[in-house]
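**Q** okay, predicted coordinates and the sequence, questions at the end:
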Amino acid sequence: MIDLAARYSELGEAVRAAPTVVAVGAGTHAAIGGAVVGATDVRAPSGVLDLQPADMTVTVRAGTPCAELGVALAEVGQECPLDPRDPAATVGGTLAAGLSGLRRLGVGPLRDTLLEVVLVLADGRVVRGGGPTVKNVTGYDVPRLAVGSLGTLGVLAQVTLRTRPIAPASSWFTTDRPAGEALTSLYAPAAVTSGRAGTGVLLEGHPGDLDAQAGRAGLRPADAPALPDAPNRGRISVAPGAVDALVAALDAEPGIERLAEHGVGTVHVATTDAPRLADARALAHAHGGWLLREAGAPDLEPFGVDLPALALQRRIRAALDPTGKLAPGRVPATEPAGVPA
């Protein structure tokens, strides 16, 4: 049995000794949740620890760059669909930010990738949650709890991830049909997007299947759609059925670029003017969704609305980090213990 406390003793001591702590990876998600001023930066070590192609799992240290993990898995014909916006992002940072990639429709949400997690708690203890196998149902589902926690529950030190075979073929297409119509007419697309440039479709699988499906649906080969990029960026989460109405409202507003993921309810937005990101948030609220600030707009609150199950999140935080020393104030659930829910 590996002594995890010994393996991560240095990281545990750094967390225990600091009055406040913020976990840092490559810095690609630093703006999400807001800056933490005056905290001690801690970084998890990197490196692939155990790759089991037959079991389709891989164990890595959380500081491992996603690009490095991708290279190691490609050597055995597999991948782990973390799909960060920036390939320099670390595995731990991507999981802590909780942002699924454009292939979520086909590969599922990011939280389904994480099987086991090793966390360093606020008092320096090293704890394990989940298990290193795909069919693991023991204990509390700590891995899913860690995804999207932004370092407020513990510092990710090590993770075991589910892998999958690399598809024999993967191609982007475009079509003149509305995205909603394309979504319902295709079999298991990996992604269906819409932007000002039109509808994009990603198909993955056997080359013959891709050709047949593209021919039936009248798809044309195309480049992958670009995520909107500007100094001020956000990600809207909304019910999948509300995406069409939301993008129509966004397109009516000048200065807001967007790319919608149909079937999953995610809309990426970007603007050169910070106030326009606030306008996008208002439209998200009006359509029953919310906007997470990803970059820029420093005066805009990161979340804008109370998070779901806020009272429960605060109780979990109080149990794992009673003094509130981990990334304090990063999300509304991270008030120190004793703050009324």
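**A** Structure received. Residues are numbered from 1 along each chain as shown.

**Q** look up phi and psi at residue 16.
**A** Backbone torsions for residue 16, taken as degrees, to the nearest 10, come to phi -60, psi -40.

**Q** residues in contact with it?
**A** Residue 16 is in contact with 122, 123, 124, counting by C-beta atoms under 8 Å, 6 or more residues apart in numbering. Placement of C-beta: from N, CA and C, glycine included.

**Q** drop anything exposed from those.
**A** When those are checked for burial by 16 or more other C-beta atoms under 10 Å, the buried set is 122, 124.

**Q** nearest to residue 236, of the contacts of residue 16?
**A** residue 122 (32.0 Å; C-beta to C-beta).

**Q** element containing the residue lying closest to residue 255 once chain neighbours are set aside, please.
**A** Taking C-beta to C-beta, 6 or more residues apart in numbering as the measure, residue 255 lies nearest to residue 276, with 4.9 Å between them; neighbours along the chain are not counted. When secondary structure is defined by DSSP states H and E, residue 276 falls within helix 274-286.

**Q** show me what that helix is packed against.
**A** With contacts defined as 3 or more C-beta pairs under 8 Å, 6 or more residues apart in numbering; DSSP states H and E, the packing partners of helix 274-286 are strand 232-237, helix 243-251, strand 266-271, strand 290-295.

**Q** which one of the ones you listed is the most hemmed in?
**A** The highest mean neighbour count among those belongs to strand 266-271 (a mean of 26), with neighbours defined as mean count of other C-beta atoms under 10 Å.

**Q** quick one: contacts of it?
**A** Strand 266-271 has contacts (C-beta under 8 Å, 6+ apart) with 100, 104, 227-230, 232-238, 243, 246-247, 250, 255-261, 277, 280, 284, 289, 291.

**Q** re the thing from before, now pLDDT and secondary structure too, for the contacts of residue 16, in JSON lines please.
**A** Putting the contacts of residue 16 into JSON lines (pLDDT from 0 to 100; DSSP: H, G, I helix; E, B strand; the rest coil) gives the following:
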{"residue": "122", "pLDDT": "95", "secondary structure": "coil"}
{"residue": "123", "pLDDT": "95", "secondary structure": "coil"}
{"residue": "124", "pLDDT": "96", "secondary structure": "coil"}
